[in-house]
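Chemist: no FASTA, just this:
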């Protein structure tokens, strides 16, 4: 009778071993492999750290996806697991005879703990399930032989206890382990600390980097070579939050130009980049063409927001071949009211067959500018989301806009600004807002059947809230 046929017997065997730690540890070398996953999971839940440590040291499968069990950070459990890895390192295992090849510390869904595979399937299923989710492009044969530790990191200014412990442990063992961080989020850490963290991990393993910082242009230029080493980076989120307003002042000097060029040039090395999101990089103004020329692969998502665009910056979009299959465009916060939007219209026509989301919130577009985009919008048949909040548009042009969306049958989320006629001395008139928003929604319903549509006023300067009209009317706090 197999264990699969007798889950009660399996449970009894596991509980019996947990009650006698010494027996469980001594029996690991003779324990059937089918008992390892349920015993490990039970020991993990019951916080039997000695058994956990010993089981990691004797793990009989290529992969240990322990991160799927660590939904809540626990430094004691983490220490037991890492002590087990140390047991693997200190034993005289030949790399080809060592069973454990991948320690998966990421908190991701994993079927390993739920699948009762046959013994002959366990190795291949565990290895396959893990390896599909991690980079497999080591650049040296030696790295392929090392035990691989895979993790996601979210580091802020105050590191948590389990993060400090792990980073210290990893730093001390980086020469004997293949340390891989797939998703790295760093917020408001000094350049010195970031460099130390990056030295621990193989840069080619980083697929997603999210960096929120108050660094100056000089510091970003120093960081640039680190970015250029991330050959397999697919997603980059970079947000610059200047500590002082004077850092937003751009004065063109040869030194500054060289630093901008040093930063931008690293993008030519990111051969897998598909998702680029940058906010507040004020120094990119006037350098958009230079940046877009560096892109080597087609982007799916582009957001370069909260900076001042020049006319040439806008023109560079239509000229960039890497953007011709774009699916998501976000220019929120880019003030466009003093620019010609003809280049943007040309660009939207270029991506009409692929574009799915268009975010033009807080661009301060005028009637004539938005009207210039109508022919292109009418062609964007794949759009599922549009956002035109915080643009200065009249009732007549909004009506025209809604009529131009008649063929956009896939639109699911629509956000439109309240018409200018709703305001008096820059303050919204609630009764007028409700009346005109209702009228616009009725017009839209005659054109097609919208799924989720809203009309919103500008932010109230007193309470910083909007008046929103969708399924119900929600006025800002000042009018409630």
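Modeler: Great, that's in hand. Worth saying up front: this structure is predicted, and the values here are computed from it rather than measured.
Chemist: how about low-confidence regions in the chain?
Modeler: Applying pLDDT under 70 to the chain flags the ranges 1-8, 92-98, 110, 115-145, 243-252, 479-480.
Chemist: Where does the record place the domain boundaries for it?
Modeler: With domains defined by automatic domain parsing, the chain comprises 1-206, 327-480.
Chemist: Let me have these in a markdown table, extended by mean neighbour count.
Modeler: For the C-beta atoms, the positions are set from N, CA and C on the backbone; glycine is no exception. Compiled in a markdown table, the domains of the chain are given as follows (neighbours: other C-beta atoms under 10 Å):
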| stretch | mean neighbour count |
| --- | --- |
| domain 1-206 | 16 |
| domain 327-480 | 18 |
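Chemist: Arrange those domains in TSV, one row each, with distance to residue 230 as further columns.
Modeler: Compiled in TSV, these are given as follows (distance: least, C-beta to C-beta, whole Å):
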stretch	distance to residue 230
domain 1-206	5
domain 327-480	21
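Chemist: Quick one: closest of those domains to residue 283.
Modeler: For the domains of the chain, proximity to residue 283 was assessed by C-beta to C-beta; domain 327-480 is nearest, at 15.0 Å.
Chemist: to the chain's geometric centre, what's the distance from the closest one?
Modeler: When C-alpha coordinates are averaged (C-alpha atoms, centre = their mean, to the nearest Å), domain 327-480 and its chain have centres 26 Å apart.
Chemist: Could you do stretch 168-179 as well?
Modeler: On C-alpha atoms, centre = their mean, the centre of stretch 168-179 falls 26 Å from the chain's centre.
Chemist: residues making contact with it?
Modeler: The contact list for stretch 168-179, computed with C-beta atoms under 8 Å, 6 or more residues apart in numbering, reads 82, 85-86, 89, 138, 143-144, 146-149, 151, 196, 199-202, 205.
Chemist: Verify the stated contact: residue 299 with residue 277.
Modeler: No: applying C-beta atoms under 8 Å as the test, residue 299 and residue 277 come out as separate, 10.5 Å apart.
Chemist: These two: which has the busier surroundings?
Modeler: residue 299 (20 against 17; other C-beta atoms under 10 Å).
Chemist: Name the single longest strand found in the chain.
Modeler: In the chain, with assignment by DSSP state E, the single longest strand is strand 178-187.
Chemist: So what are the sheet partners of that one and their directions?
Modeler: Taking DSSP bridges as the criterion, strand 178-187 sits next to strand 148-155 (parallel), strand 208-213 (parallel) in its sheet.
Chemist: sorry, back to before: looking at the domains of the chain, spot the one closest to residue 268.
Modeler: Put simply, out of the domains of the chain the one that sits nearest residue 268 is domain 1-206, at 15.9 Å, with distance taken as C-beta to C-beta.
Chemist: Number of residues surrounding residue 316?
Modeler: With other C-beta under 10 Å as criterion, residue 316 counts 21.
Chemist: buried ones in whichever strand or helix holds it?
Modeler: Following DSSP states H and E, one finds residue 316 within helix 311-319. Within helix 311-319, the residues that count as buried by 16 or more other C-beta atoms under 10 Å are 313, 314, 315, 316, 317, 318.
Chemist: right, and the first one touches residue 291 too?
Modeler: I take that to be residue 313. No: using C-beta under 8 Å, residue 313 is not in contact with residue 291, being 9.2 Å away.
Chemist: Next, the distance between the ends of stretch 227-240.
Modeler: When the termini of stretch 227-240 are compared using C-alpha to C-alpha, to the nearest Å, they are 15 Å apart.
Chemist: what residues does it touch?
Modeler: Contacts made with stretch 227-240 from outside it, assessed by C-beta under 8 Å, 6+ apart, are listed as 135, 137, 203-215, 220, 265-266, 269-282, 301.
Chemist: From the residues you listed, list the buried ones, please.
Modeler: Of the members of the contacts of stretch 227-240, the ones counted as buried by neighbours, 16+ other C-beta under 10 Å, are 135, 203-213, 215, 220, 266, 269-270, 273-281, 301.
Chemist: Restricted to helices, list the residues you listed.
Modeler: Within the buried ones among the contacts of stretch 227-240, membership in helices is found for residue 220, as judged by DSSP state H.
Chemist: Okay, and which of the buried ones among the contacts of stretch 227-240 map to strands?
Modeler: 208, 209, 210, 211, 212, 213, 275, 276, 277, 278, 279, 301.
Chemist: Cool, thanks, talk later.
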